[in-house]
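[1] With the sequence up front, the predicted model follows.
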Amino acid sequence: MKKAVDNFTVIENTALNASNFLIRLKSPVSLQELVPGQFVNIEINNTDQVFLRRPFSIFEINYEEQTLSLIVKILGKGSKILSKIKPLETLSLVYPLGKGFTKPNINDKILCIGGGSGVAPMLFLAKTSGLPKENIHIILGARSKEDVINIEEYNNFGQVHFTTEDGSVGKKGRVTDHPLFAEELISFNKVYSCGPEPMMKAIATKAKEKKVFCEVSLENLMACGFGVCLCCIEPTDEGNLCVCTEGPVFNINSLKW
Ligand SMILES: Cc1cc2nc3c(=O)[nH]c(=O)nc-3n(C[C@H](O)[C@H](O)[C@H](O)COP(=O)(O)OP(=O)(O)OC[C@H]3O[C@@H](n4cnc5c(N)ncnc54)[C@H](O)[C@@H]3O)c2cc1C
Ligand code: FES
């Protein structure tokens, strides 16, 4: 797929909670087809403090309106500057980047597990999987009520469950403590995940043990986003691979976890 660099116009910037916000951007040209797990690399405007572009997964696409949306967690300087961006400002995006998740088969029952900012590709996957709602379970994990990302529309695309470490929303504990994962994992044909590495490693360990198909989307530190700088390398069975071009989505069996 050909990569483009375009100036997108910000049409919405909405706080989802204290630390996450949703940015909707309009492309100046027709959008190329984008699949869940793919990402964009954004230049942070008006600053000499954030030199490199920052990668973000695609959350939603509307081809007719030429818009795409991202869910961004405020972490450091770049995301903080982005959180203050206003409608009609523009952002330079390099896209589409990376390889996405394997599309589920028509009769699959899938479990999508998102932690922190890893929620975005999980919801995009649920919405575009083509499966009936009954066959999609989504577990979203957060530390507490203040971090929960609850976008109600997604109840239309799957059965959404929450876990929080302090029990303030949903089941108390981590995503891996949720009974759907802890006790019913083998009832799913495919498990998909994106979030903090320790969370994905815990998911991978159990999925391997139970021999359940599992793909994870890695969030290694990146710079160029298209295979030139080699700063995003991940050791795999096929050698050291660039997460930005060979991933970010990997089958757990190919990772040296
Ligand atoms: C393929 C991909 C998709 C991503 N999708 C999303 C998304 O949808 N939403 C979202 O909020 N974030 C996403 N991220 C993470 C996002 O890119 C970083 O949070 C962002 O670059 C941080 O920039 P910053 O300038 O705010 O923080 P910085 O000042 O760059 O970093 C602040 C701190 O966070 C650490 N950090 C930075 N990036 C990462 C990372 N990738 N993993 C772990 N620690 C990191 C730094 O080491 C530093 O300690 C994604 C990352 C990748 C590689
Ligand atoms: S980010 Fe440059 S090679 Fe992956």
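    Thanks, I have it. Since the structure is predicted, the reported quantities are computational estimates derived from the model, not experimental observations. Ligands and ions are numbered 1, 2, ... in the order given.
[2] What residues does the stretch 1-150 of the chain have near ligand 1?
    Residues of the stretch 1-150 of the chain lying near ligand 1 by CB under 6 Å from any ligand atom: 39, 50, 54-57, 70-73, 75-79, 117, 120. No exception for glycine: its C-beta is placed from N, CA and C like everyone else's.
[3] at 5 Å what do you get?
    Counting by CB under 5 Å from any ligand atom, the residues of the stretch 1-150 of the chain close to ligand 1 are 39, 54-57, 72-73, 75-79, 117, 120.
[4] So which of those sits lowest on pLDDT?
    Within the set of those, pLDDT is lowest for S117 (81).
[5] these two touch, right, S69 and S27?
    No: if you go by CB atoms under 8 Å, S69 and S27 don't touch, sitting 11.8 Å apart.
[6] what about V228, how many residues close to it?
    Using other CB atoms under 10 Å, V228 is surrounded by 11 other residues.
[7] what does K3 give?
    So K3, with other CB under 10 Å, has 12 neighbours.
[8] So it is in contact with C224, correct?
    No: applying CB under 8 Å, one finds K3 not in contact with C224, separated by 10.8 Å.
[9] Pipe the residues of the stretch 1-150 of the chain next to ligand 1 into TSV and attach neighbour count and secondary structure per row.
    Listed next are these as TSV, based on neighbours: other CB atoms under 10 Å; DSSP: H, G, I helix; E, B strand; the rest coil:
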residue	neighbour count	secondary structure
F39	27	strand
R54	21	strand
P55	22	strand
F56	22	strand
S57	27	strand
V72	25	strand
K73	19	strand
L75	12	coil
G76	10	coil
K77	13	helix
G78	21	helix
S79	20	helix
S117	24	helix
A120	27	helix
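[10] which one of the residues you listed is nearest G98?
    Of all these, F39 has the smallest distance to G98: 5.4 Å, by CB to CB.
[11] For ligand 2, see how far away the closest one is.
    11 Å (CB to the nearest ligand atom, to the nearest Å).
[12] Run through the residues that contact that residue.
    P55, F56, S57, I58, Y95, P96, L97, G98, G225, P248 (CB atoms under 8 Å, 6 or more residues apart in numbering).
[13] How far off centre is the helix or strand where L91 lies?
    Secondary structure assigned from DSSP states H and E places L91 in strand 90-97. Chain-centre distance of strand 90-97: 16 Å, with CA atoms, centre = their mean, to the nearest Å.
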